[in-house]
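dropping a prediction and its sequence here:
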Amino acid sequence: MKLYLVPTPIGNLDDITLRAIKTLQSVDAILAEDTRTSGVLLRHLNISKPLHSYHIFNEHQTVQRLIGQLKEGKTLALVSDAGTPGISDPGFLLVRECIKNDISVECLPGPTAFVPALVNSGLPNDRFTFEGFLPHKKGRQTRLTELAGEERTMVFYESPHRLLKTLQQFAEVFGPDRPASVSRELTKLFEENRRGPLSELITYFAQKTIKGELVICVQGKEPSRGKAKRVYDNDVDEEEDE
Ligand code: SAM
């Protein structure tokens, strides 16, 4: 009885790990956010397993049935359309219920969009905060206000049609000169990593038809004087603060 969370490629199909393939081959059934999308990947990998749908619209109804199957001794794998299940995708609820029921859970390491975006950004990554998707309407301004004083690099998921509006809101809250990056279509043929102050990113993307999937990284506020320096500023260990 075990639940595996199996990351799948965010674009380039070569990014599936050997262990992900072995795990998908070994389980009793696969739970997929979209059975058609995962069906394409599974056919590509030559894996034929019972495939059940598990997404945000049915997770509350199906979670107890799945717990029942796991308790009967079944081994299940959860996959999302792309990347790591549970990261801005369904998974949290099932993991929490498994833990409550003493069912073993294992998340394989693998593709996720925010790590390459953060590293490609060239922004400090010794400390960062993953913000996922901002609320679309209610709570959006409150969240942005909360982030105004954030000193860590902030990582956001965003859809292409909201990119420009979001960058403009960021410029209002963080200032137009704040360094940022937009990573588009990571691991795909037209991957693009655009870096610069928010004002430059706005000018650049205002002239384009924005397509594909993207991640925005925004550098945090400069630490105020007297506060600890960012770790990347120090190339030798300094004595601890008194
Ligand atoms: N579970 C996924 C993960 O581990 O990254 C995230 C799923 S979330 C529903 C989808 C969002 O992830 C997209 O809107 C985009 O912000 C980001 N994303 C996924 N694939 C991407 C890619 N190839 N390039 C850039 N961003 C991507």
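Alright, I've got the coordinates.

which residues in this structure form strands?
Taking DSSP state E, the strands of the chain run over residues 2-5, 29-32, 51-53, 75-79, 104-107, 128-133, 153-158, 179-184, 192-197, 214-218.

check which helices and strands the fourth one sits against.
Spelled out, it's strand 75-79. Under the contact definition 3 or more C-beta pairs under 8 Å, 6 or more residues apart in numbering; DSSP states H and E, strand 75-79 sits against strand 2-5, helix 18-26, strand 29-32, helix 59-71. (Glycine included, C-beta is placed from N, CA and C.)

and of those, who's closest to the ligand?
strand 2-5 (10.2 Å; C-beta to the nearest ligand atom).

quick one: contacts of that closest one?
Strand 2-5 has contacts (C-beta atoms under 8 Å, 6 or more residues apart in numbering) with 23, 27, 70, 75-78, 84-86, 91, 94-95, 98, 103-108.

same check on stretch 145-164?
Under the contact criterion C-beta under 8 Å, 6+ apart, stretch 145-164 has outside partners 88, 113-114, 117-118, 121, 123-125, 127-134, 136, 166, 173-174, 182, 202, 205-206, 210-223, 227.

tell me, which of these make contact with the ligand?
Among the contacts of stretch 145-164, the ones lying near the ligand by C-beta under 6 Å from any ligand atom are 88, 113, 114, 213, 214, 215.

in the residues you listed, find the pair that's most separated.
88 and 214 (12.9 Å; C-beta to C-beta).

more neighbours, these two?
residue 214 (24 against 16; other C-beta atoms under 10 Å).

buried residues in stretch 178-190, which are they?
Of the residues in stretch 178-190, 178, 179, 180, 181, 182, 183, 184, 185, 186, 187 count as buried by neighbour count, 16 or more other C-beta atoms under 10 Å.

mean neighbour count for the helices and strands packed on strand 75-79 - can I get that in CSV?
Output for those, formatted as CSV (neighbours: other C-beta atoms under 10 Å):
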stretch, mean neighbour count
strand 2-5, 23
helix 18-26, 15
strand 29-32, 23
helix 59-71, 15
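
now render the ones you listed as JSON lines, adding distance to residue 197.
Below are the helices and strands packed on strand 75-79 laid out as JSON lines (distance: least, C-beta to C-beta, whole Å):
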{"stretch": "strand 2-5", "distance to residue 197": "37"}
{"stretch": "helix 18-26", "distance to residue 197": "38"}
{"stretch": "strand 29-32", "distance to residue 197": "40"}
{"stretch": "helix 59-71", "distance to residue 197": "40"}
